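In: give the three-dimensional model of this entry:
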Amino acid sequence: MENNVFHLQYAMDTFYFLVCGALVMWMAAGFAMLEAGLVRAKNTTEILTKNVALFAISCIMYLVSGYAIMYGGEYFLVGIQDVDVDATLASFKEQGDFTGGSIYSGASDFFFQVVFVATAMSIVSGAVAERMKLWSFLIFTVVMTGFIYPMEGAWTWGGSAVFGMYTLGDLGFSDFAGSGIVHMAGAAAALAGVLLLGARKGKYTADGRANAIPGCNMPLATLGTFILWMGWFGFNGGSVLKLGDIANANAVAMVFLNTNAAAAGGVVAALITARILFKKADLTMALNGALAGLVAITAEPSTPTALQATIFGAVGGILVVFSILALDKLKIDDPVGAISVHGVVGLLGLLLVPLTNDGSSFSGQLIGALTIFVWVFVTSFIVWLIIKTVVGIRVSDEEEYEGVDISECGIEAYPEFTKSSK
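Out: Alright, predicted model coming up:
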């Protein structure tokens, strides 16, 4: 009987991990649709190419080196270690607890982790859209997913000491599903690239005012947001790491509930804020409000009440509107608002954790956030700078004017609506 219970738990937890990983993988489609909707028609094919390619590169690089770096593997191309079922069952019997720890296939763990890496890299894609060379972006993807992200992941989820000195967990740092580890890290890499890349032509006037550059397809952007919203249930829910007992099943349900509540709060708050500021119901702000709410709750979706989660999401929705406006004042051109959504609100998410989780502290959260940001931003800036020096990172003015679809990919997403098709 004990053996059967153990095997059932193993099967359930492994299957749950795989399903949640598939949901997170579906977020790649969400990012692709969101970004394709928020860029101009002449840059759509290139942004889609980036999203497909970065996902594939992320999967390969995390297999080659990332997983080993993040979780202490001894070799590159390390074999994924599966659980010794008999030894683990014997250990549980000694403890008198047959459903105690998380127990799942090592391959399922890798699959769940690798889609998180791709998510972090997808954040970078939108921020540098419409003026970056495709192959320069893909070169950076190799380094980001194979080394930069796994290193900060090793210091956080991997439990390794930072530069051999201390572990962030010992200092009171907690990030349940990655507000900082995934989202703020992706935003830090994006910010480094944007600063070196510069703004799109015509984005800012001589006197510093920002010109609105509307996206080409709001239905696509909305679809992308809903796909991301759905995928986030796997992102946060899977981070419980276990389903095979009553306590964890209840925790998963609470995480799903809070994730949805925070997104709803973010939409409403961003929409109201936009109405007050612009006298209009700004769809792009509403979409970014949903994502901001999701990012805000990601650091700790298991301990707040549903009302608290809604409030946290609403705070994120308000913050993201003001952050987008502030970055425009600073002439930091982010076509999709990724730095604000994932970076600024990612930091907010980390700082909200101690309000409901007494296992964390504000000082620990600040130290963890600073560690992640400084590491990712500095290393990314160096890599971007090297790429810029060697091969360049920005397309020519003529290519930017004509659209990078033709110069980078040789095919247009909407040929019947563009000048070159006439």
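In: show me where the stretch 101-250 of the chain has its helices.
Out: Applying DSSP state H, counting those that start in this stretch to the stretch 101-250 of the chain gives helices spanning 106-127, 134-143, 149-155, 185-197, 218-237, 246-278.
In: for those helices, which one sits closest to residue 386?
Out: Smallest distance to residue 386 across the helices of the stretch 101-250 of the chain (C-beta to C-beta): 9.3 Å, for helix 134-143. Heads up, the C-betas are built off the backbone N, CA and C, glycines and all.
In: only C-alpha atoms, please: export that closest one in PDB.
Out: Coordinates of each C-alpha in helix 134-143 appear next as PDB, following Å, rounded to 0.1, in the frame of the first residue of the first chain:
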ATOM      1  CA  LEU A 134      18.300  40.100 -35.700                       C
ATOM      2  CA  TRP A 135      21.600  38.200 -35.500                       C
ATOM      3  CA  SER A 136      23.000  40.500 -32.800                       C
ATOM      4  CA  PHE A 137      19.900  39.800 -30.700                       C
ATOM      5  CA  LEU A 138      20.400  36.000 -31.200                       C
ATOM      6  CA  ILE A 139      24.000  36.200 -30.300                       C
ATOM      7  CA  PHE A 140      23.000  37.900 -27.000                       C
ATOM      8  CA  THR A 141      20.400  35.200 -26.500                       C
ATOM      9  CA  VAL A 142      23.100  32.500 -26.400                       C
ATOM     10  CA  VAL A 143      25.000  34.300 -23.600                       C
END
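In: relative orientation of it and helix 185-197 in degrees?
Out: Put simply, helix 134-143 runs at 140 degrees to helix 185-197, going by axes from the mean of the first three to the mean of the last three C-alpha atoms, to 10 degrees.
In: buried residues in helix 134-143?
Out: 134, 136, 137, 139, 140, 141, 142, 143 (16 or more other C-beta atoms under 10 Å).
In: so where do the helices sit in the stretch 251-400 of the chain?
Out: Going by DSSP H, counting those that start in this stretch, the stretch 251-400 of the chain shows helices at 283-298, 306-329, 338, 345-352, 362-390, 397-402.
In: I'd like those helices as TSV, with distance to residue 64, mean neighbour count and mean pLDDT appended.
Out: Shown next, in TSV, are these (distance: least, C-beta to C-beta, whole Å; neighbours: other C-beta atoms under 10 Å; pLDDT from 0 to 100):
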stretch	distance to residue 64	mean neighbour count	mean pLDDT
helix 283-298	27	30	98
helix 306-329	34	22	98
helix 338	26	29	98
helix 345-352	27	27	98
helix 362-390	17	18	98
helix 397-402	32	13	96
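In: now render the ones you listed as a markdown table, adding distance to residue 242.
Out: As requested, the helices of the stretch 251-400 of the chain are exported to a markdown table (distance: least, C-beta to C-beta, whole Å):
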| stretch | distance to residue 242 |
| --- | --- |
| helix 283-298 | 18 |
| helix 306-329 | 21 |
| helix 338 | 31 |
| helix 345-352 | 22 |
| helix 362-390 | 24 |
| helix 397-402 | 49 |
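In: one step back: nearest to residue 212 among the buried residues of helix 134-143?
Out: Among the buried residues of helix 134-143, and counting by C-beta to C-beta, the member closest to residue 212 is residue 137, at 24.7 Å.
In: which stretch among the helices of the stretch 251-400 of the chain comes nearest residue 245?
Out: helix 306-329 (22.5 Å).
In: of all the helices of the stretch 101-250 of the chain, which lies closest to residue 321?
Out: Residue 321 lies closest to helix 246-278 among the helices of the stretch 101-250 of the chain, at 4.6 Å (C-beta to C-beta).
In: what packs against the closest one?
Out: Counting contacts by 3 or more C-beta pairs under 8 Å, 6 or more residues apart in numbering; DSSP states H and E, helix 246-278 packs against helix 218-237, helix 283-298, helix 306-329.
In: any chance of these in CSV, with distance to residue 367 too?
Out: Below are the helices and strands packed on helix 246-278 laid out as CSV (distance: least, C-beta to C-beta, whole Å):
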stretch, distance to residue 367
helix 218-237, 23
helix 283-298, 19
helix 306-329, 21
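In: what pLDDT does the closest residue to residue 156 other than its chain neighbours get?
Out: Distances taken as C-beta to C-beta, 6 or more residues apart in numbering put residue 181 closest to residue 156, at 4.9 Å, once the chain neighbours are dropped. pLDDT for residue 181: 98.
In: how close does residue 181 get to residue 239?
Out: Counting by C-beta to C-beta, to the nearest Å, the gap from residue 181 to residue 239 is 10 Å.
In: just residue 63 next, same as before
Out: Distance of residue 63 to residue 239, given as C-beta to C-beta: 21 Å.
In: these two: who's more crowded?
Out: Using other C-beta atoms under 10 Å as the criterion, residue 63 and residue 239 rank with residue 239 on top: 21 against 17.
In: got a pLDDT number for the more buried one?
Out: We have a pLDDT of 95 for residue 239.
In: show the contacting residues for the residue nearest to it when sequence neighbours are not counted.
Out: Setting aside the residues directly before and after it, residue 239 is nearest to residue 177 in space (C-beta to C-beta, 6+ apart), at 3.9 Å. Contacts here follow C-beta atoms under 8 Å, 6 or more residues apart in numbering; on that basis residue 177 touches 235, 236, 239, 298, 299, 301.
In: now the two most distant members of the residues you listed.
Out: Using C-beta to C-beta, the contacts of residue 177 span at most 11.9 Å, a distance reached by 235 and 299.
In: any residues in contact with both of the two?
Out: 177, 178.
In: more neighbours: which of those two?
Out: Applying other C-beta under 10 Å to residue 235 and residue 299 shows that residue 299 carries more neighbours, namely 31 against 27.
In: how about the contacts made by the more buried one?
Out: 174, 175, 176, 177, 178, 179, 180, 346, 349, 350, 352, 353.
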